[in-house]
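**Student:** Give me a 3D structure for the following:
(2 chains)
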Amino acid sequence: MGEKRSVRPGHLLFGLAFAAIGAAWLIAGGDSILDAAWLVALTALALGVATLGAVVAWLVR
Amino acid sequence: MNETDTPEMHGSSPKRLVRTPDGKIAGVAAGIGHYLGIDPTIVRIAFLVLVFAGGVGILLYLACWLLMPKGEAGSARPATPVDTWTAVGIVGLIAGVGLLVGWHGIGDLGRVAVAVALVVGGVLLIGRRTGDAGGPDDSARPVTPAPPPGDAPTDGEGPEPDVEPADAPAADEPTAIRTEAAPAASVPRRAPMTALVLGLLAVALAALLGGVLDGRFDVTWSAALAGGLVVVGAGLVVASVTGGAPWLFPVGAVLAVALLAAAVVEPLDDRGIGSQDYVPAAFSDLATEYRHGIGELVVDLAAVRLDGATRSVDVRLGIGRLEVIVPDDVAVELDGHVGMGRLEGPDGSETEGVGHDLSIDLDGTPGAGTIRLDLDVGIGEGVVTRG
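**Tutor:** Reported below is the predicted structural model:
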């Protein structure tokens, strides 16, 4: 009773990553093969950061 | 506790779908409403709407009348208010069933797809509230008895039962009786975020499919998948503080992979593979845009007479070789871009490399007209010549 809600870092990080990928494509996505290339790079970066963050959060919890 | 609010109603006996004697006609709508824990008026409206779907509402009502056993007076659960998402689910379910019986005029396959998506979304959204058709995480979550009043867990890790006043035992009852009257299996659980998000996605997908198939709007697969990814991402962020939704991870991963695949394939496959020639014979045949995916694209405009007019034409090729032939007497305003490869203008000027642009303005015969070319080549070669 009276405890604060804990945040699940995995949910938060991957949620932000998924939302960022989707929003970036909706805002700046195009219809050329080069647009697909930067989406692949962005996806790899976002999911990589989320995975790293989740692992660190798991290690230090 | 009121007179009709007995322990038997709420869990010690299994919920049964029965007609209630206190209904408006035969107690069908009231029985369904009580079974789902929603206002029977919603069910009555649903039947009414389905009456206009080829009379399905009447047949359905009669079938329910025959199939549903009659319950005892006062045996129904009291209806609880309908929240927004449950209402969306009900509307989706009704629309899906209506669509399945031929409500709309879109193609059969599309109609079935839309209807199935609506029904799935509706069931998920309604089920997340009633607990009868919850998401996958519903079963994975341990079921615990309702905590004493004022002692609900607040750490976000547990199921945090969402006890409704009608289901909560009265404070003046002995503890032993309370325990028997409200066993663990009957305790309402937190509405699963997975079911909410997936239900919304299904309803949105149905609306999207319906709109696209009906020709009301045009949405690419990648845009639809990106929208879904945003919804799943937002659901995960919300779930990070409200108890978790582990099944949204694989859903998000699948959507992300599908988005990548669509983003790669759309620029190529959407416009065709192989050789493609466009040879408009007159000004009226001239399109404003020519597209091709992979291969060779030839746009021969040599026979087009502009007669002093100015016309803009976009030509896009994903991978391969592009050749545009313009009339020999018109002025040419060329604005070209190549992602990786080479571009050459009608005057012999060219550019080559990664991410290069080529802009050229060439005069033509006075009064012959002007053609504005916007060229985009992803990977390959683009050449503009005079015919």
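**Student:** so where is the chain shaky, pLDDT-wise?
**Tutor:** No chain specified, so I'll use chain A. A:1-5 (pLDDT under 70).
**Student:** Not quite, go with chain B.
**Tutor:** Ranges of chain B meeting pLDDT under 70: B:1-15, B:52-55, B:73-84, B:94-95, B:97-113, B:126-192, B:210-217, B:268-271.
**Student:** show me where it has strands.
**Tutor:** Secondary structure of chain B, counting by DSSP state E: strands at B:273-278, B:289-300, B:310-326, B:331-344, B:350-362, B:370-386.
**Student:** Neighbouring strands of the fifth one in the sheet, and parallel or not?
**Tutor:** On the basis of DSSP bridges, the sheet neighbours of strand B:350-362 come out as strand B:331-344 (antiparallel).
**Student:** now swap in the shortest one and tell me
**Tutor:** Sheet pairing of strand B:273-278 (DSSP bridges) gives strand B:289-300 (parallel).
**Student:** between the partner strand and strand B:310-326, how many degrees?
**Tutor:** 50 degrees (axes from the mean of the first three to the mean of the last three C-alpha atoms, to 10 degrees).
**Student:** Return the set of buried residues in strand B:289-300.
**Tutor:** Buried residues in strand B:289-300, counted by 16 or more other C-beta atoms under 10 Å in any protein chain shown: B:290-300. In short, each C-beta sits where N, CA and C put it, glycine included.
**Student:** what ranges do the helices span in chain A?
**Tutor:** With DSSP state H applied, chain A shows helices at A:9-28, A:33-60, listed in chain order.
**Student:** Go through the ones you listed and name the closest to chain B.
**Tutor:** Among the helices of chain A, helix A:9-28 comes nearest to chain B, with 2.9 Å by C-beta to the nearest C-beta.
**Student:** Name the residues of that closest one that come out as buried.
**Tutor:** Residues of helix A:9-28 classed as buried: A:9-25 (neighbour count, 16+ other C-beta under 10 Å).
**Student:** Output the strands of chain B in TSV; the columns should cover distance to A:Gly53.
**Tutor:** What follows is the strands of chain B, written out as TSV (distance: least, C-beta to C-beta, whole Å):
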stretch	distance to A:Gly53
strand B:273-278	41
strand B:289-300	38
strand B:310-326	36
strand B:331-344	33
strand B:350-362	32
strand B:370-386	34
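**Student:** Can you name the residues in contact with stretch B:275-295?
**Tutor:** B:267-274, B:296-301, B:303-307, B:309, B:311-322 (C-beta atoms under 8 Å, 6 or more residues apart in numbering or on different chains).
**Student:** Filter those residues down to just the buried residues.
**Tutor:** Using 16+ other C-beta under 10 Å, the buried ones in the contacts of stretch B:275-295 are B:267-268, B:270-271, B:296-301, B:304, B:306, B:311, B:313, B:315-322.
**Student:** Now do the same contact list for B:Leu375.
**Tutor:** Contacts of B:Leu375 (C-beta under 8 Å, 6+ apart): B:315-316, B:322, B:324, B:334-337, B:343, B:358, B:382, B:384.
**Student:** Try it again at 6 Å.
**Tutor:** B:315, B:336, B:382 (C-beta atoms under 6 Å, 6 or more residues apart in numbering or on different chains).
**Student:** Which residues of chain B lie near chain A?
**Tutor:** B:154-156, B:226, B:229-230, B:232-234, B:236-237, B:239-241, B:244, B:252, B:260, B:263-264, B:267, B:318, B:339, B:378 (C-beta under 6 Å from any C-beta of the partner chain).
**Student:** which residues does the residue most central in space within chain A contact?
**Tutor:** Nearest to the mean C-alpha position of chain A, by C-alpha atoms, centre = their mean, lies A:Ala17 at 1.5 Å. Under the criterion of C-beta under 6 Å, 6+ apart, the neighbours of A:Ala17 are A:46-47, A:50.
**Student:** now do 8 Å
**Tutor:** Counting by C-beta under 8 Å, 6+ apart, A:Ala17 has contacts A:46-47, A:49-50, B:233.
**Student:** And the spatially closest residue to B:Glu72 that is not a sequence neighbour, how far from B:Gly92?
**Tutor:** In space, and not counting its chain neighbours, B:Glu72 is closest to B:Pro21: 7.4 Å by C-beta to C-beta, 6 or more residues apart in numbering or on different chains. Using C-beta to C-beta, to the nearest Å, B:Pro21 is found at 31 Å from B:Gly92.
**Student:** B:Val123 too?
**Tutor:** For B:Val123, the distance to B:Gly92 equals 9 Å [C-beta to C-beta].
**Student:** The two: which is more packed in?
**Tutor:** Per other C-beta atoms under 10 Å in any protein chain shown, whichever of B:Val123 and B:Gly92 has more neighbours is B:Gly92, with 27 against 19.
**Student:** Excluding chain neighbours, what is closest to that one?
**Tutor:** Computed as C-beta to C-beta, 6+ apart, the closest residue to B:Gly92 that is not its neighbour in sequence is B:Gly122, at 3.8 Å.
**Student:** Also A:Ala46?
**Tutor:** A:Ala46 sits nearest to A:Ala17 (C-beta to C-beta, 6+ apart), 4.0 Å away.
**Student:** That neighbour and A:Leu42, how far apart?
**Tutor:** For A:Ala17, the distance to A:Leu42 (C-beta to C-beta) stands at 10 Å.
**Student:** Report whether the expected contact of A:Pro9 with A:Thr51 is present.
**Tutor:** No: here A:Pro9 lies out of contact with A:Thr51, judged by C-beta atoms under 8 Å, at a distance of 11.3 Å.
**Student:** Could you report the separation of A:Thr43 from B:Val49?
**Tutor:** For A:Thr43, the distance to B:Val49 - C-beta to C-beta - is 42 Å.
**Student:** related to what we said a few turns ago, burial of the residue nearest to B:Glu72, as a residue count?
**Tutor:** For B:Pro21, the neighbour count with other C-beta under 10 Å is 16.
**Student:** got a list of what it touches?
**Tutor:** For B:Pro21, counting by C-beta under 8 Å, 6+ apart, the contacting residues are B:27, B:70-73.
**Student:** With neighbour count and distance to B:Leu200 as added columns, please give the residues you listed in CSV.
**Tutor:** Listed next are the contacts of B:Pro21 as CSV, based on neighbours: other C-beta atoms under 10 Å in any protein chain shown; distance: C-beta to C-beta, whole Å:
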residue, neighbour count, distance to B:Leu200
B:Gly27, 22, 32
B:Lys70, 12, 37
B:Gly71, 21, 33
B:Glu72, 9, 38
B:Ala73, 9, 38
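**Student:** Out of the residues you listed, which comes closest to B:Arg372?
**Tutor:** Within these, the smallest distance to B:Arg372 is 70.6 Å, found for B:Gly27 (C-beta to C-beta).
**Student:** Quick check: closest non-adjacent residue to B:Ala303.
**Tutor:** Using C-beta to C-beta, 6+ apart, the nearest residue to B:Ala303 is B:Ala281, at 5.3 Å.
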